[in-house]
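1. using only what follows, build the 3D model:
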Amino acid sequence: MRSFEEPSLSLGDLDAEAAGQLIAASSDVALIVDEDGVIRDLAFGSEELSSGGYRDWLGKPWSQTVTVESRPKVEALLREASIKAPPRWRHINHPSAEGADLPLLYAAVPVGRKGHALAVGRAVAFGRDLRANALLQQRLVSAQQAMERDYWRMRHMETRYRVLFQVASEPVLILDSTTLALEEANPAAAKLFGHVAARPSWSLLERLDAAGAETLRDLFAAVRATGRADSTTVRLADNGPEFVASVSLFRQEKSSHFLVRFTAGQLASEPGSSSGRDMLLRAVESAPDAFVVADVDGKLLTANRAFLDLAQLANEEQAKGTTIDRWLGRTGVDVDVLIGNLRQRGSVRLFATSMRGEYGLTTDVEISAVALPGSEPPCLGLTIRDVGRRLSADARASREVPRSVGQMTELVGRMPLKEIVRDTTDLIEQLCIEAALQLTRDNRASAAEMLGLSRQSLYVKLRRYGLGDATAESES
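-> Below is the predicted model of the structure:
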């Protein structure tokens, strides 16, 4: 820190009141500390801090108003101020009645005038409020963690894709949708067409007969225009075997690509029925939302990969034959309520509950389900969506009083009734006490009379909810 060049000339004969106003305006919190480290006066730069109950620091040693890990920093600030060392900024936390610590950045400057013994050894501690910075840092950490989770999820998806691509028994090619240049081929394709991966100039159309090349070229144009996957029958050159070529279009970054899969045999006469059903099954298996089929008693018959990930299972065999309430439901009745509604209504939408993994992972989920009584055997289909990201950590940690009957009923099934009643009663009682203290400007006697309580009962409740310093006043 660099001081003024000529403070005596530029500031003149600055009196104590003007100096106090300058000190208070220059920081969020200003403390006047004597040579023993006791806070003799303090000022706040905002109404929020001024009304936050921090005036109780007055008359206490500065080191007793901070958290344990911050006390060595306070001692260092006072020691540096006593020897008039250049001031250094230090991060210090004050405990708060609201639960979260109050982070401040302090620097201590010695003050005093010649001939005034009362000012000898005193220092002014300037504090800057770091709560906004702490909130931004927390958001940054949360964003980084979310990015890392997404990154690893993408890595796992890529690994699964690579494994499937390599072990697939059918020949699969990936082509550039514009130039039809070969980009990748699995081992089955390399076996069918030769080691095509080692020849960048290799062309798929050149390996087909004239009719097949023309048909496949038209199919590429149709898929490129509509974006819908389609199939056609082609034959390899030199009177080679006949295959069904299925073409799909997908985008990666800023370019589009064709995925061409070759299946031995003739093209089905009704591709819309069989291939469409197969595509639907593949889509369900690969969907990011969990999907399970259970019998009418809730025993699991089959599940897709997303459900196994949420349940922390290695394979589907670990889940088959087990009732789904092993993983679903906050209480023992959630699954019974869900199945009962399915039997009566046939379908259920947005049923909120939670899912428990085999290794303790708990996830908030929403379930949409349908009953299929006409199938053989009768069964239930459940789509389970992870909604944990919708619920921010702050919203889950807060304990706000429900503002409507709808919000109150949302707690049913998530908590026992006696806990809902107890917590709601406590919160309402706390809010009423806070409102009474605010209306009476913190006059405890008037607040007790307004609430119809004795003063001793009010002090007990103040201590219970951590509202202000009730101990000192009750003893006085």
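2. which residue is the nearest non-sequential neighbour of residue 377?
-> Counting by CB to CB, 6 or more residues apart in numbering, residue 295 is the residue found nearest to residue 377 once chain neighbours are left out, at 6.3 Å. C-beta here means a position set from N, CA and C on the backbone, and glycine is covered the same way.
3. and the closest residue to residue 299 other than its chain neighbours, how close does it get to residue 154?
-> Nearest-residue entry for residue 299: residue 323, 5.4 Å, with adjacent residues in sequence omitted and distances by CB to CB, 6+ apart. Using CB to CB, to the nearest Å, one gets 34 Å for the distance from residue 323 to residue 154.
4. between these two, which has more neighbouring residues?
-> For residue 323 versus residue 154, neighbours defined as other CB atoms under 10 Å are more numerous around residue 323 (15 against 10).
5. gap between that one and residue 343?
-> For residue 323, the distance to residue 343 - CB to CB - is 16 Å.
6. please apply the same query to residue 95.
-> Taken as CB to CB, the span from residue 95 to residue 343 is 54 Å.
7. how about the residue nearest to residue 299, what does it touch?
-> Neighbouring residues of residue 323 by CB atoms under 8 Å, 6 or more residues apart in numbering: 294, 297, 298, 299, 300, 335.
8. residue 319: which of these is nearest?
-> Residue 319 lies nearest to residue 300 out of those, by CB to CB, at 5.1 Å.
9. what's the helix or strand encompassing that closest one packed up against?
-> Using DSSP states H and E, residue 300 maps to strand 300-303. In terms of contacts (3 or more CB pairs under 8 Å, 6 or more residues apart in numbering; DSSP states H and E), strand 300-303 is packed against strand 290-295.
10. for the strand it packs on, which strands pair with it and how are they oriented?
-> strand 300-303 (antiparallel), strand 379-386 (antiparallel) (DSSP bridges).
11. ok, back up a step: could I have the PyMOL command that selects the buried members from the contacts of residue 323?
-> Buried residues within these, by 16 or more other CB atoms under 10 Å, are selected in PyMOL with:
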select buried, resi 294+298+300+335
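12. mean confidence for the strand holding residue 300?
-> Strand 300-303 carries an average pLDDT of 89.
13. so how far is residue 264 from residue 133?
-> In terms of CB to CB, residue 133 sits 64 Å off from residue 264.
14. next: residue 299.
-> Taking CB to CB, one finds residue 299 at 38 Å from residue 264.
15. which strands or helices does the longest helix seen in the chain pack on?
-> In the chain, ranked by residue count with DSSP state H as the criterion, the top helix is helix 131-167. In terms of contacts (3+ CB pairs under 8 Å, 6+ apart), helix 131-167 is packed against strand 102-110.
16. name the strands paired with the helix or strand that the strand it packs on is followed by and say parallel or antiparallel.
-> The helix or strand immediately downstream of strand 102-110 is strand 123-129, counting by DSSP H and E. On the basis of DSSP bridges, the sheet neighbours of strand 123-129 come out as strand 29-33 (antiparallel), strand 102-110 (antiparallel).
17. if you average pLDDT over strand 123-129, what comes out?
-> 90.
18. please save the CA atoms from that strand in CSV.
-> What follows is strand 123-129, C-alpha atoms only, in CSV (Å, rounded to 0.1, in the frame of the first residue of the first chain):
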residue,chain,number,x,y,z
ALA,A,123,-5.2,0.4,15.1
VAL,A,124,-7.9,0.6,12.5
ALA,A,125,-8.9,-2.7,10.8
PHE,A,126,-10.4,-2.2,7.4
GLY,A,127,-12.6,-5.2,6.3
ARG,A,128,-14.0,-6.0,2.9
ASP,A,129,-17.0,-8.3,2.5
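19. do you know the pLDDT at the residue nearest to residue 299?
-> 87.
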